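A.B. asks: Curious how this folds, go ahead:
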Amino acid sequence: MSGLSIAVCGAGVIGQAHIRLIQALPARRGWLKGIIDPMPQAQAQAEMLGVRYSEHLVRALDEWRPDAVIIASPNALHVEMAGACIARNIPLLVEKPLADNVADAFALAHLAEERDVPLLVGHFRRHNPVMRAARDLLAKGGLGRLVSVNADVTVCKPDAYFNVPWRTQSGGGPVLINLVHDIDALRYLCGEIESVQAVTSNAARGFEVEDTAAVLLRFTSGALATLTLSDATPSPWCWDQTSGENKDFARHQGQCYRLCGTEAALELPGLIRWHYAGQKGWTQPLSAQPLAYEPGDPLALQLDHFLRVARREEQPMVSGKDGAATLAATMAVLEAARTGRTVTPARNCQPA
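C.D. replies: Next up is the predicted model:
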């Protein structure tokens with residue numbers, strides 16, 4: 001086999017998605033070397049697929065010597081496992097978040113950079129062709145100067161979801177589980193976040209962790225964004241339920257992001273540009289222009305990109321520092337809500 005041999009560490013939900021996509025690759029591009037996970041069902045899966053199995057990452061790295069590794073383990077293990085790969089000069093994709101705290105995330109990013117080991121962080125929404133088309137439109141001035149953004153992240157998680165105890169405790173709420181995707185998406189589209197204000201509530205479910213949040217972001221460009229988050233409301237207005245990106249979610253017609261510029265506005269994920277065909281002004285009719293793009297599976301596109309990153313043919317779309325900056329901005333939401341103060345994520349962005 002001439003393709004890259006890939007080990008997957010962590011055989012949970014997202015790990016299974018990676019395994020499925022790797023198995024679908026032509027062997028000349030990449031193939032599954034083995035699965036690393038302590039659970040018995042992971043060993044059974046490895047045997048069924050005819051690939052190697054190990055409970056321990058370090059042992060697998062030294063014995064298998066894979067060309068690349070995907071880390072989809074619990075968040076608390078990301079830094080240790082990624083460090084083991086970097087020490088062996090093995091290119092790696094680490095699922096979000098890069099670490100479970102900002103200092104460790106930046107330290108890991110700096111380590112990969114110093115050792116010149118390719119590191120891609122798994123914020124796969126950036127690989128969605130809709131996101132790329134929107135970013136290109138903004139870069140070309142298709143909206144004029146961006147002035148405001150509104151993003152809805154509102155869903156209804158079933159009661160059974162909370163049977164897992166950590167999901168009701170600090171760190172297990174929708175800010176770190178869900179909103180992190182939207183913050184990364186807005187950083188990708190709109191640039192760096194200068195400051196964060198936020199309020200959270202647990203009134204709907206009464207758990208220790210938040211179920212609802214209202215967030216205000218200021219970007220370094222001067223644009224402002226408001227984000228409404230809740231996992232306790234029957235609502236179609238979130239990326240997962242409007243984009244069709246994840247087939248596990250029922251898809252609904254609707255838009256969850258609205259980006260407003262001085263010349264036009266854009267709705268996502270529909271990629272609909274609103275503008276005046278003639279004279280500008282609120283008494284005049286607006287035209288809605290659906291923009292063309294080529295659909296694609298963002299997880300599959302991310303894997304394609306990772307293979308090129310591992311071969312050093314491309315720079316990572318989401319570098320270690322980029323992933324750490326998204327984590328810093330997300331943690332700033334919780335800090336702003338806790339303290340009632342405006343928080344600047346950049347203050348969190350120093351390596352340990």
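
A.B. asks: Show me the strands in the stretch 51-200 of the chain, by range?
C.D. replies: 52-54, 68-71, 92-95, 119-122, 146-154, 193-201 (DSSP state E, counting those that start in this stretch).

A.B. asks: what about residue 74, how many neighbours?
C.D. replies: 12 (other Cβ atoms under 10 Å). (C-beta placed from N, C-alpha, C; glycine too.)

A.B. asks: ok, now residue 203?
C.D. replies: 10.

A.B. asks: for it, what are its contacts?
C.D. replies: Contact analysis of residue 203 by Cβ atoms under 8 Å, 6 or more residues apart in numbering lists 211-212.

A.B. asks: Against residue 232, how distant is it?
C.D. replies: 9 Å (Cβ to Cβ, to the nearest Å).

A.B. asks: shared neighbours of those two, anything?
C.D. replies: 211-212.

A.B. asks: Look up the pLDDT of residue 1 for me, please.
C.D. replies: Listed pLDDT for residue 1 reads 50.

A.B. asks: That should have said residue 332, apologies.
C.D. replies: For residue 332, the predicted pLDDT is 96.

A.B. asks: can you put the strands of the stretch 51-200 of the chain in a markdown table and add mean neighbour count, distance to residue 284 and mean pLDDT?
C.D. replies: Output for the strands of the stretch 51-200 of the chain, formatted as a markdown table (neighbours: other Cβ atoms under 10 Å; distance: least, Cβ to Cβ, whole Å; pLDDT from 0 to 100):
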| stretch | mean neighbour count | distance to residue 284 | mean pLDDT |
| --- | --- | --- | --- |
| strand 52-54 | 19 | 65 | 98 |
| strand 68-71 | 26 | 51 | 98 |
| strand 92-95 | 27 | 47 | 97 |
| strand 119-122 | 26 | 44 | 98 |
| strand 146-154 | 20 | 19 | 98 |
| strand 193-201 | 20 | 33 | 97 |
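
A.B. asks: The ones you listed into TSV, with extra columns for distance to residue 140?
C.D. replies: Converted to TSV, those look like this (distance: least, Cβ to Cβ, whole Å):
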stretch	distance to residue 140
strand 52-54	47
strand 68-71	34
strand 92-95	30
strand 119-122	26
strand 146-154	12
strand 193-201	22
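
A.B. asks: Out of those, which gets nearest to residue 107?
C.D. replies: Residue 107 sits nearest to strand 119-122 of all the strands of the stretch 51-200 of the chain, at 12.4 Å, using Cβ to Cβ.

A.B. asks: Give the other helices and strands that that closest one contacts.
C.D. replies: The contact analysis (3 or more Cβ pairs under 8 Å, 6 or more residues apart in numbering; DSSP states H and E) places strand 119-122 against strand 92-95, helix 102-115, helix 298-310, helix 320-339.

A.B. asks: what pairs with the shortest one, and is each one parallel or antiparallel?
C.D. replies: Strands adjacent to strand 92-95 in the sheet, as given by DSSP bridges, are strand 68-71 (parallel), strand 119-122 (parallel).

A.B. asks: which residues touch the first one?
C.D. replies: Strand 68-71 is contacted from outside by 4-10, 15, 18, 30, 61, 77-78, 81-82, 85, 90-95, 306-307, 310, using Cβ under 8 Å, 6+ apart.

A.B. asks: Buried among these? Make that a ChimeraX selection.
C.D. replies: To isolate the buried subset of the contacts of strand 68-71 in ChimeraX, counting by 16 or more other Cβ atoms under 10 Å, use the following:
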select :4,5,6,7,8,9,10,15,18,30,61,78,81,82,85,90,91,92,93,94,95,306,307,310
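
A.B. asks: still on that earlier bit, with distance to residue 335 added, can I get the strands paired with strand 92-95 in TSV?
C.D. replies: Formatted as TSV, the strands paired with strand 92-95 follow (distance: least, Cβ to Cβ, whole Å):
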stretch	distance to residue 335
strand 68-71	26
strand 119-122	21
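
A.B. asks: Nearest to residue 253, out of the ones you listed?
C.D. replies: strand 119-122 (28.2 Å).

A.B. asks: Not counting the closest one itself, show me its contacts.
C.D. replies: So strand 119-122 is in contact with 14, 72, 82, 86, 91-96, 98, 108-109, 112, 302, 305-306, 309, 316-320, 322-323, 326, going by Cβ under 8 Å, 6+ apart.

A.B. asks: now stretch 84-94
C.D. replies: Under the contact criterion Cβ under 8 Å, 6+ apart, stretch 84-94 has outside partners 57-58, 61-62, 66-71, 78, 82, 108, 111-112, 115, 117-122, 302, 306, 309-310, 323.

A.B. asks: how about residue 96, what does it touch?
C.D. replies: By Cβ under 8 Å, 6+ apart, the neighbours of residue 96 are 121-123, 180-181, 184, 323, 326-327.

A.B. asks: swap the cut-off to 7 Å and go again
C.D. replies: 121-123, 180, 323 (Cβ atoms under 7 Å, 6 or more residues apart in numbering).
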